[in-house]
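Participant: sequence first, predicted coordinates after that:
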Amino acid sequence: VELLLDGVSAFGAETIAWEDWNVTAYAATANKCLHGAPGISFVIAKISVFHDRPSAANSIYLDLYTYYKAQLAASTPFTQAVHICYALQQALKELEEAGGQQARQAEYRYRAARIRKGMKALGIRTLLPEDAWSASLTSFLLPEGIRYRQLHDQLKQDGFIIYAGQGSFKNEIFRIANMGAINSEAIDRLLQSFSNFFSIA
């Protein structure tokens, strides 16, 4: 079975078992775990994909085959956002200087562990068991009687943005990401914001 992987919130921090998972194509972005600027995305794919299935894309943005052909000629088919490319180049340099993917993953795991510990102390449970936790993002169950919008709006006033669940989880969970240039003080303030909310909720 071929796997087409959406790794937007994982690339640069999570471990990817390319061969074990039989990853055929992996879509990612310059921001999030890479710490670049938003505005450019990329796909890492097996070369056979482009030989076996030339593009039938009906949009320029999704025409990966055209991008692949241009890449073979050390070019791009369309004008790129040059400043975003330079920002990505710098972000990759900083990632390497910081110790690479494993070091970033370790830092993210440390941040996530602090957040989860603080939330557990408030009685807030994670959606997934520990062996399924991500380094970069955690889904928490909304406590009974708490509406997502109410929690979101209060945290936003304190300078934090949380995300709702998707699909059937829309009213069941909220998500906290710990990607980017986040320091210990920011995590302390986040946990204090949650503590303040639940003390009056």
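Facilitator: Now that the structure is in, tell me what you want to look at.

Participant: use CA for all of it now, contacts and neighbours both
Facilitator: Will do.

Participant: so how far does stretch 180-187 reach from one end to the other?
Facilitator: Start and end residues of stretch 180-187 are separated by 12 Å (C-alpha to C-alpha, to the nearest Å).

Participant: following element in sequence after the helix or strand bottoming out on mean pLDDT in the chain, please.
Facilitator: Every helix and strand in the chain was compared by mean pLDDT, DSSP states H and E; the lowest is helix 47-52, with a mean of 86. Per DSSP states H and E, the first helix or strand lying C-terminal to helix 47-52 is helix 64-72.

Participant: how far is that following helix from where the chain is centred?
Facilitator: 26 Å (C-alpha atoms, centre = their mean, to the nearest Å).

Participant: contacts for that helix, please.
Facilitator: With contacts defined as C-alpha atoms under 8 Å, 6 or more residues apart in numbering, helix 64-72 is touched by 50, 54, 55, 57, 76, 77.

Participant: could I get those as TSV with distance to residue 68 and neighbour count?
Facilitator: Shown next, in TSV, are the contacts of helix 64-72 (distance: C-alpha to C-alpha, whole Å; neighbours: other C-alpha atoms under 10 Å):
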residue	distance to residue 68	neighbour count
50	8	15
54	10	12
55	10	14
57	13	12
76	9	14
77	9	13
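
Participant: the top strand by length along the chain: how far from the chain's middle?
Facilitator: What stands out as the longest strand in the chain, according to DSSP state E, is strand 23-29. Chain-centre distance of strand 23-29: 13 Å, with C-alpha atoms, centre = their mean.

Participant: go on, stretch 31-40?
Facilitator: So, by C-alpha atoms, centre = their mean, the centroid of stretch 31-40 is 10 Å from its chain's centroid.

Participant: give me the three-state assignment for residue 112.
Facilitator: Assigned by DSSP: H, G, I helix; E, B strand; the rest coil, the conformation of residue 112 is helix.

Participant: how many neighbours does it have?
Facilitator: 23 (other C-alpha atoms under 10 Å).

Participant: now it: how far from residue 31?
Facilitator: With C-alpha to C-alpha as the criterion, residue 112 and residue 31 are 19 Å apart.

Participant: again with residue 75
Facilitator: Relative to residue 31, and taking C-alpha to C-alpha, residue 75 is found at 23 Å.
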